[in-house]
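[1] need coordinates for the following:
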Amino acid sequence: MELWLTLAVLAGAIYLFVTEKLPVDVVALLVMASLLVLGLVSPPEALSGFSSQATITVAAMFVLSAGLQRSGALLGMGEALARIRWPWLFALVMMLVVAFVSAFVNNTAAVAVFLPLVISAAIASRKAPSRYLIPLSYAAQFGGVCTLVGTSTNLLVNSLAIQSGRAGFGLFEFAPLGVIFVGIGTAYLMLVRNFLLPDLGVPEMDTDGHGGPFMVELLVPEKSPAVGQRGRDVVPADAGPVSVLQVIRDGVVQPSRHVELQAGDRLLLRGEWSRIQALRRQLKLEHDQVARDLEGHAGAERLHAEVMVAPGSHLIGHTLAGMRFGHVYRVRVHGLQRQRAPLRQRLDHMPLAVGDILLVDSTEKALRTLRDDPGLIVLGERAQPRIDARRAWTSALVMAGVIGTAALGLLPIVASAILGCVALVVLRCLKPDEAYAAVDWKVVMLLAGVLPLGIALEHSGGASWLARNAIGLVGGMGPVACLAVVYLLSSILTEVMSNNAAAVLVVPIGIATAESLGVDAKPFLVAVAFAASTSFATPVGYQTNAMVHAAAGYRFADFIRIGMPLNLIFWIAAVVLIPRFFPF
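    Now for the predicted structure:
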C-alpha cells in the first residue's frame, strides 16, 4: 500500500510540474504535505529539506552571486568583451567567458549581466542579437556543470547522494568532464551558428533608443481627431507598421474594426515606439498608464529604459495596477513587449510574465531602484550598474575565499558559503535586505519540498520498482545501456519541468539501478546532474532559455532546431565519457 501511495504522489507531482497548473514551489510544498499526511515520511523527514546542505548552499550562492553582480565586478569583463568586433571571435570569447563565470556564479545571474551587453554589442556592430543570445544561454548551462556550485542541480544531486549514505562530490570533481562538455558545446555552436541560428535582423533604434514592437495603451481625449473615426481607420496609411489591437471602452473590449471611437476610449496599439509616438502626437492621444504623475520629480531629468521581468521575479503573475507599479518604482510605464503571445486587455490589468519588457519613463534615481530590484533586468548600455571598485574587489575576494577553502577541504562548502554571505554583509558589499532579496525563494522552497519525495521513494521501494520497470528492457545489456537510459530520462524530464524536480525524481531511480546491477552509483548520479543542468531543446526547460527567448524574439522551433542535436550530442558524449571519468 505504501508503495502505491508513493507512486500516486509521484504521478501527481509529475502531472503538476509538466502542466504548470500551479507554481513549482507550491507543487513542491504540496508534495511534502501529502507525504506527511499519508504517513509516508515522518515529520523530521518531511522537514529535512529545509536543513539540507543543498538548500542552504543554494541560498548562500544566490547571495554570493548578488555580491558580484551588484558591485559591478562582472561589468568590466562584459565591457571588454563588447569591444570585440569580429563576429566569430566575439561569439567564441563570449561563450568561453560566460561558461567560466557560470562555473562559480549562478548562471541566471551571469546571463542577466551579459544579456544587455551582448545585445548592445551586437547592435553596435550591426549584427543580429539573435545570432548570439542562444549561445549565451547554452554556454551558461554547460559552464555550470564544471563545478559542484555551478548549478543548484549539482548541489541537489550531491545532497541526495549523501542522504542515501554515499560519498558526495568534491568541489572540482565534475571539472575534467565538464570542461570537455564546454569544448564540445562551444565547438558545435561555432560550427552551426551561421546556418542554424536565426537571423532576426538588427533592431532599428529610433531617437529614443528603443526598438519594437511594443504594446502601448493610449487614451482618446475629447479634442482628439480620432473621435468619431472607426478603429480600422484611425491609423493613417503613412503611420508605418502600427496596428490597433483593441478598443477598450468602460473596461469592455470592443470590435476594433467597426466601432466608432469616443472620448474616454483606450486604444491598445502595437508597433515601433517612434511610430507610436508620432501617431500619439498626430491624434493628440494621451498616455493613460499607472503612475502618470511622479510626485517630487517634476524637475528631474527624464530617462527612458527597457526593463525585463526576470525569471523567479516577485512581479510574475501580478498586474501593474494591482501592485501599484508606477507608485512603488516612481516611473511611468509607456508600453510592454511580449514575444510569446499578443495582449488582448488593458496593459495595467495584464498579469506580467517572465521575459516581458516594460518601456518606462523614469528619473536616474528611479532607474537605480529598478537596477537594484533582483526581479527586474534593466536592458540597454545606459542602464547598466556602475562599477564600485571597492565592493567589486571585496566581492571577488570573498567568492575566491569561499571556493578556495572548500576546494582545499578546510571547510565544507555549506560552511564556507555561509561565512562568505556574512562577510559580504559585514564588509558592506550588500545590505541585509539586499542579501535576503537576492535569494530566489521559489528555488529554495522547491528544493525543500521535493527532497522528502526522494526519501519516500527509497523507503517504500518505489525507486527500486521504477528502476526495475524503467531499466528492465536494457538491464541485460550492461551498466552502460542503463546509464544511457538514466541520462535520457533526466534530459526529457528537464525539458518539460523544473530541472531540480527532474533530478529529485531520477536520482533514486539511478541509485536503485546501480544497486540492482551491483555497480557504483556515482556514474548514474553524474548522468542525472549533467542531464538536468543542460536543457537546450525548449525555451521553457531552463530559466536562461526563457530570458533570451523573450529578449531576441525567438520562436519555439528555433530552440528545437539548434538544441535537439546538441542534446543528442551531449547524450552520446555522456554515455562514452562518464564511465571513463567515473568507473562503474
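
[2] pretty sure residue 532 contacts residue 500?
    Yes. Using Cβ atoms under 8 Å, residue 532 is in contact with residue 500, at 7.4 Å. Where you see a C-beta, it was placed from the backbone N, CA and C, and this is true even at glycine.

[3] who has more neighbours, the two?
    A direct count of neighbours by other Cβ atoms under 10 Å for residue 532 and residue 500 places residue 532 higher, at 33 against 26.

[4] check which helix or strand covers that one.
    With elements taken from DSSP states H and E, the one containing residue 532 is helix 522-533.

[5] what's in contact with the helix or strand that comes right after that helix?
    Counting by DSSP H and E, the next helix or strand C-terminal to helix 522-533 is helix 543-552. Taking contacts as Cβ atoms under 8 Å, 6 or more residues apart in numbering, the residues outside helix 543-552 that touch it are 107-108, 111-112, 115, 119, 129-130, 133-134, 136-137, 140-141, 200, 308, 310-312, 338-340, 354-357, 377, 379, 535-536, 538-540, 554, 559.

[6] out of those, list just those in strands.
    With strands taken from DSSP state E, the overlap with the contacts of helix 543-552 comprises 308, 357, 377, 379.

[7] nearest to residue 413 among those residues?
    Each of those was checked against residue 413 using Cβ to Cβ; the closest is residue 377, at 28.1 Å.

[8] what sits against the residue lying closest to the closest one once chain neighbours are set aside?
    Excluding the flanking residues, the one nearest residue 377 by Cβ to Cβ, 6 or more residues apart in numbering is residue 308, at 4.3 Å. Counting by Cβ under 8 Å, 6+ apart, residue 308 touches 115, 355-358, 376-379, 547, 550-551.

[9] thinking again about what came up before, most neighbours of all the ones in strands among the contacts of helix 543-552, which one?
    Within these, residue 377 tops the neighbour count with 25 neighbours, counted by other Cβ under 10 Å.

[10] please report the distance of that residue from residue 511.
    Distance of residue 377 to residue 511, given as Cβ to Cβ, to the nearest Å: 38 Å.

[11] one more: residue 70?
    If you measure residue 70 against residue 511 using Cβ to Cβ, the figure is 39 Å.

[12] who's more crowded, those two?
    Counted by other Cβ under 10 Å, residue 70 and residue 511 do not tie: residue 511 has more neighbours, with 27 against 23.

[13] ok, the closest residue to that one other than its chain neighbours - contacts?
    Leaving aside its chain neighbours, residue 511 sits nearest to residue 521 (4.8 Å; criterion: Cβ to Cβ, 6+ apart). Residue 521 makes contact with 161, 164, 166, 510-511, 514-515 under the criterion Cβ under 8 Å, 6+ apart.

[14] then residue 490?
    Under the criterion of Cβ under 8 Å, 6+ apart, the contact partners of residue 490 comprise 502-503, 506, 527-528, 531-532.

[15] closest to residue 488 out of those residues?
    Closest to residue 488 out of these is residue 531 (7.7 Å), distances taken as Cβ to Cβ.

[16] tell me how many other residues crowd the closest one.
    Applying the criterion other Cβ under 10 Å, we find 28 residues in the vicinity of residue 531.
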